[in-house]
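A.B. asks: Below are the sequence and a predicted model for it; my questions follow.
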Number of protein chains: 2
Amino acid sequence: MATAAELQKKVRELEAKLAAALGNAGPVRQKIDVMSSEVVDSNPYSRLMALKRMGIVENYEKIRELSVAVVGVGGVGSVTAEMLTRCGIGKLILFDYDKVELANMNRLFFQPHQAGLSKVDAAASTLQAINPDVAIDAYNYNITTVDNFQKFCDTISTGSLTSSPVDLVLSCVDNFEARMAINTACNELNQRWFESGVSENAVSGHIQFIIPGETACFACAPPLVVASKIDEKTLKREGVCAASLPTTMGIVAGFLVQNTLKHLLNFGNVSHYLGYSALTDFFPAMTLRPNPQCDDSYCRQRQAEFRAKPVVELATEVTEDSSPVHADNEYGISLVDENSPEEETPDLKLVDGVQVAYSIPVDNSTPESSTGGAVAASELSLEELMQQMKSM
Amino acid sequence: MATAAELQKKVRELEAKLAAALGNAGPVRQKIDVMSSEVVDSNPYSRLMALKRMGIVENYEKIRELSVAVVGVGGVGSVTAEMLTRCGIGKLILFDYDKVELANMNRLFFQPHQAGLSKVDAAASTLQAINPDVAIDAYNYNITTVDNFQKFCDTISTGSLTSSPVDLVLSCVDNFEARMAINTACNELNQRWFESGVSENAVSGHIQFIIPGETACFACAPPLVVASKIDEKTLKREGVCAASLPTTMGIVAGFLVQNTLKHLLNFGNVSHYLGYSALTDFFPAMTLRPNPQCDDSYCRQRQAEFRAKPVVELATEVTEDSSPVHADNEYGISLVDENSPEEETPDLKLVDGVQVAYSIPVDNSTPESSTGGAVAASELSLEELMQQMKSM
């Protein structure tokens, strides 16, 4: 027979399990009207508001007015959403169309009892229990279909707490098509966003800050080749799936949200591109300028608008963008004169299910510019190209 | 106080409610005898086992035989434990003596409904639900008291799945005293461990791999000053607390577990010291050699044992340790000749509640050595010293 103390412990454990299973049971925390700096155990914001006293953030409370869209609630997106929720973001808008599976349990956030639920519904329920002060909208659809793409554009352009555009879009998707959809929407809407990604072998990742017209968009320098016909998302074929690790995905989510906080709350320096190579703990950083001949007409329009900005502002921006454009990087990508004739693109011999993602347009209308975001393929083997694709 | 019978009834009620709740939410995952690579939605290990096919890890299944102790289950330790659990570690041993509070909700892992529970019990319950294949032991005590320190030593030296010493100890504590306790234990037991830490202003952190005798231990180059009399853990005084962010803590936990996996599963290069400075996305790396005059006698003994190892092995190790010992780093710490006379230590004017952590011993018995881990304080202002203390 168990002792009373043992049983009491068992009761506590079961209560915790039950609360976790229900997602909203137990002595759940109440909504809080105003963020307080008061140092008491019951204040969930004391250690965030301490960032003000420490001289890191001037106005932390501003976070409650901000709205962020997270597209893709998988290994990176779910942790991203949880971090923002715990930081007390004003509003989160989640997009995904996938279901939770036990095969996702090697990454943080989702738990086995949620298997079978839609990712956005499961995430919204958990996040709301963690912080009821955050407004959470969840959309369970694929943004790449024609109808849904329009709904997606409408949502990010009117979805903030004040029905204005969201303050930031975070891409945590895992395929080329969805990234291009977000890119297209953000160029058209002139919406700042972060792209993120983890490699198929689970040991590298990156984040990239895209300011339409100012930094390279996803179409300015996309991957050279992409999967087609096969399920690109995890490159599933006959019992084959991509590897993933909770470490790499947690780190990439951490980089993503940390730079989001720096941008939105105006502290530190926001990285334009930050990579992570786990095998050697290497962290490449760079700034990619937009490609004047980008395929995306809205990107070219934003570039023209940016060039037309007053010189004083331009000077500031140029300083920000002064890191080497041609710097070598671990992915073997180099930036070349975008006026290189298209004929120089090598004859790629692609395996089945893989296609060239785009062709470099020939456009001599802006011959004065000699730098850009076009990717040179001439030095790359097919193996390297495949690796680049996997690294996206 | 409820009687045992009443509690037994309560347990049965809760078990029924839990079963119902879990039944609604979906199937809880059962124990799995053998890790499989099979790509099906119901296999929680498919994307970890894919690391083998990707050529990253030769024998991923080995992780099931490994035991890791996590000391401190707070902002870094809880995420560390969750990552290891999701990776399928054989056994986890958790140590903490704190309770979950709402003030912890700005970091990942714990949820509001767990407020009031002991951190180790709450963590063990959540982790066991996430992965029932992991053996989890939880110890709810402060390792720095005399009795508990001995229990702690006994546990890490016999706590593995085969009653041998654990494979690794991960320090995720937040104060000097606990770090010194872990250091003392690991030097005596010749136990490899990782130290980790996040700064009081929440925007930097680090991990450090300590191999007794081979790399600097925590006493070889400890912080110069530490808090005393006041609650050092969060430096709580009159409504003052340290800042923290889920991003920084998640990233440090990610670095810690990623390097743990690299070490235990033998892939990539393990970082001896990896820092993270969030404001600029700067990642200092270095190797710290042990201090031949370290205060810790077991550290000196391990150094002698290491020097006595066959030359062939030594040569390999020397190559590993060849990064600059005197390299400047962001914390303003420089490494100097450990034979500097003690008199040169400046007269530190310390504020109330802060004391010098150690004194550099004068020992001329090893005059041939001209490098070591002693810390020079002569160039540092008190403000900088305080900052160093806060950065621990």
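C.D. replies: Yes, it's here.
A.B. asks: Could you check how far stretch A:167-175 is from the centre of its chain?
C.D. replies: Centre-to-centre, stretch A:167-175 and its host chain are 4 Å apart (CA atoms, centre = their mean, to the nearest Å).
A.B. asks: Also stretch A:77-90?
C.D. replies: Distance, centroid of stretch A:77-90 to centroid of chain: 12 Å (CA atoms, centre = their mean).
A.B. asks: quick one, helices of chain A?
C.D. replies: A:4-22, A:46-53, A:77-87, A:119-130, A:146-158, A:176-189, A:246-265, A:297-307, A:311-320, A:382-391 (DSSP state H).
A.B. asks: need those helices in TSV with mean neighbour count, distance to chain B and mean pLDDT, can you?
C.D. replies: Every C-beta, even on glycine, is put in place using the N, C-alpha and C of the backbone. Shown next, in TSV, are the helices of chain A (neighbours: other CB atoms under 10 Å in any protein chain shown; distance: least, CB to the nearest CB, whole Å; pLDDT from 0 to 100):
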stretch	mean neighbour count	distance to chain B	mean pLDDT
helix A:4-22	19	4	72
helix A:46-53	22	4	96
helix A:77-87	28	5	98
helix A:119-130	22	6	97
helix A:146-158	16	23	98
helix A:176-189	22	19	97
helix A:246-265	27	4	98
helix A:297-307	18	24	97
helix A:311-320	10	13	45
helix A:382-391	17	9	47
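A.B. asks: Go through these and name the closest to residue B:295.
C.D. replies: helix A:46-53 (33.2 Å; CB to CB).
A.B. asks: what sits against the closest residue to residue A:306 other than its chain neighbours?
C.D. replies: Nearest residue to residue A:306, sequence neighbours excluded (CB to CB, 6 or more residues apart in numbering or on different chains): residue A:213, at 3.7 Å. For residue A:213, the contacting residues are A:190, A:290, A:299, A:301-306, by CB atoms under 8 Å, 6 or more residues apart in numbering or on different chains.
A.B. asks: And the residues you listed, which is closest to residue B:7?
C.D. replies: For the contacts of residue A:213, the nearest to residue B:7 is residue A:190 (61.7 Å; CB to CB).
A.B. asks: Isn't the closest one up against residue A:299?
C.D. replies: No - between residue A:190 and residue A:299 there is no contact, the gap being 10.4 Å when judged by CB atoms under 8 Å.
A.B. asks: what residues are shared contacts of the two?
C.D. replies: By CB under 8 Å, 6+ apart, residue A:190 and residue A:299 have these common neighbours: A:212-213.
A.B. asks: Quick check: the residue lying closest to residue A:247 once chain neighbours are set aside vs residue A:251, distance?
C.D. replies: Leaving aside its sequence neighbours, residue A:247 sits nearest to residue B:258 (CB to CB, 6+ apart; 4.1 Å). Going from residue B:258 to residue A:251 by CB to CB, to the nearest Å gives 7 Å.
A.B. asks: again, but for residue A:142
C.D. replies: 27 Å.
A.B. asks: Could you do residue A:143 as well?
C.D. replies: For residue A:143, the distance to residue A:251 - CB to CB - is 26 Å.
A.B. asks: and if you look at residue A:126?
C.D. replies: For residue A:126 relative to residue A:251 (CB to CB), the value is 21 Å.
A.B. asks: Now do the shared contacts for residue B:258 and residue A:251.
C.D. replies: With CB under 8 Å, 6+ apart, residue B:258 and residue A:251 have common neighbours residue A:278.
A.B. asks: Can you tell me the centre-most residue of chain A?
C.D. replies: residue A:171 (3.3 Å; CA atoms, centre = their mean).
A.B. asks: Any idea what that residue is bridged to?
C.D. replies: residue A:71, residue A:195 (DSSP bridges).
A.B. asks: who's in contact with it?
C.D. replies: Contacts of residue A:171 (CB under 8 Å, 6+ apart): A:71-72, A:178-179, A:182, A:193-196.
A.B. asks: Give the burial count for the closest residue in space to residue A:137 that isn't next to it in sequence, as a bare number.
C.D. replies: With sequence-adjacent residues excluded and distances taken as CB to CB, 6+ apart, residue A:137 is closest to residue A:93, at 4.7 Å. By other CB atoms under 10 Å in any protein chain shown, 23 other residues sit near residue A:93.
A.B. asks: close enough to count as contact, residue A:93 and residue A:77?
C.D. replies: No - with contact defined as CB under 8 Å, residue A:93 does not reach residue A:77; the gap is 11.7 Å.
A.B. asks: if I look at the two, which residues touch both of them?
C.D. replies: Going by CB under 8 Å, 6+ apart, residues that sit against residue A:93 and also against residue A:77 are residue A:70.
A.B. asks: can you tell me the average pLDDT over stretch A:190-207?
C.D. replies: Stretch A:190-207 comes out with an average pLDDT of 96.
A.B. asks: Can I get it as CSV, trimmed to CA atoms?
C.D. replies: Output of stretch A:190-207 as CSV, limited to C-alpha atoms (Å, rounded to 0.1, in the frame of the first residue of the first chain):
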residue,chain,number,x,y,z
ASN,A,190,5.8,45.7,-49.5
GLN,A,191,5.9,43.5,-46.3
ARG,A,192,9.1,42.8,-44.4
TRP,A,193,9.7,39.1,-43.7
PHE,A,194,12.2,36.6,-42.5
GLU,A,195,12.9,33.4,-44.4
SER,A,196,14.3,30.4,-42.5
GLY,A,197,15.4,26.9,-43.3
VAL,A,198,17.0,23.8,-42.1
SER,A,199,19.0,21.4,-44.3
GLU,A,200,17.7,17.9,-45.2
ASN,A,201,20.6,16.4,-43.3
ALA,A,202,19.6,18.3,-40.1
VAL,A,203,23.0,19.8,-39.4
SER,A,204,22.7,23.3,-40.9
GLY,A,205,20.2,26.1,-41.2
HIS,A,206,19.8,29.8,-41.8
ILE,A,207,17.6,32.8,-41.4
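A.B. asks: Close to chain B: what parts of the stretch 201-350 of chain A are there?
C.D. replies: By CB under 8 Å from any CB of the partner chain, the residues of the stretch 201-350 of chain A that approach chain B are A:201-203, A:236, A:239-248, A:250-251, A:253-255, A:257-259, A:261-262, A:267-269, A:271, A:274, A:278-281, A:283, A:285.
A.B. asks: 7 Å instead, please
C.D. replies: A:201-203, A:236, A:239-244, A:246-248, A:250-251, A:253-255, A:257-258, A:261, A:268-269, A:271, A:274, A:278-281, A:283, A:285 (CB under 7 Å from any CB of the partner chain).
A.B. asks: ok, the closest residue to residue A:111 other than its chain neighbours - contacts?
C.D. replies: Once flanking residues are discounted, residue A:111 sits nearest to residue B:130: 5.7 Å by CB to CB, 6+ apart. By CB atoms under 7 Å, 6 or more residues apart in numbering or on different chains, the contact list for residue B:130 reads A:105, A:111-112, B:85-86.
A.B. asks: and which of these is nearest to residue B:44?
C.D. replies: Minimum distance to residue B:44 across those is 4.0 Å, recorded for residue A:105 (CB to CB).
A.B. asks: which residues touch that closest one?
C.D. replies: A:112, B:44, B:86, B:130.
A.B. asks: Now do the same contact list for the first one.
C.D. replies: When the contact criterion is CB under 7 Å, 6+ apart, the partners of residue A:112 are A:102, A:105, B:28-29, B:129-130.
A.B. asks: how about those residues in TSV, adding distance to residue B:60?
C.D. replies: As requested, the contacts of residue A:112 are exported to TSV (distance: CB to CB, whole Å):
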residue	distance to residue B:60
A:102	17
A:105	15
B:28	24
B:29	19
B:129	23
B:130	18
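A.B. asks: Looking at those residues, which two lie furthest apart in space?
C.D. replies: Farthest-apart pair in the contacts of residue A:112 is A:102 and B:129; separation 12.7 Å (CB to CB).
A.B. asks: Mind putting the helices of chain A into a markdown table with distance to residue B:62?
C.D. replies: Shown next, in a markdown table, are these (distance: least, CB to CB, whole Å):
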| stretch | distance to residue B:62 |
| --- | --- |
| helix A:4-22 | 31 |
| helix A:46-53 | 38 |
| helix A:77-87 | 26 |
| helix A:119-130 | 31 |
| helix A:146-158 | 44 |
| helix A:176-189 | 35 |
| helix A:246-265 | 17 |
| helix A:297-307 | 48 |
| helix A:311-320 | 47 |
| helix A:382-391 | 25 |
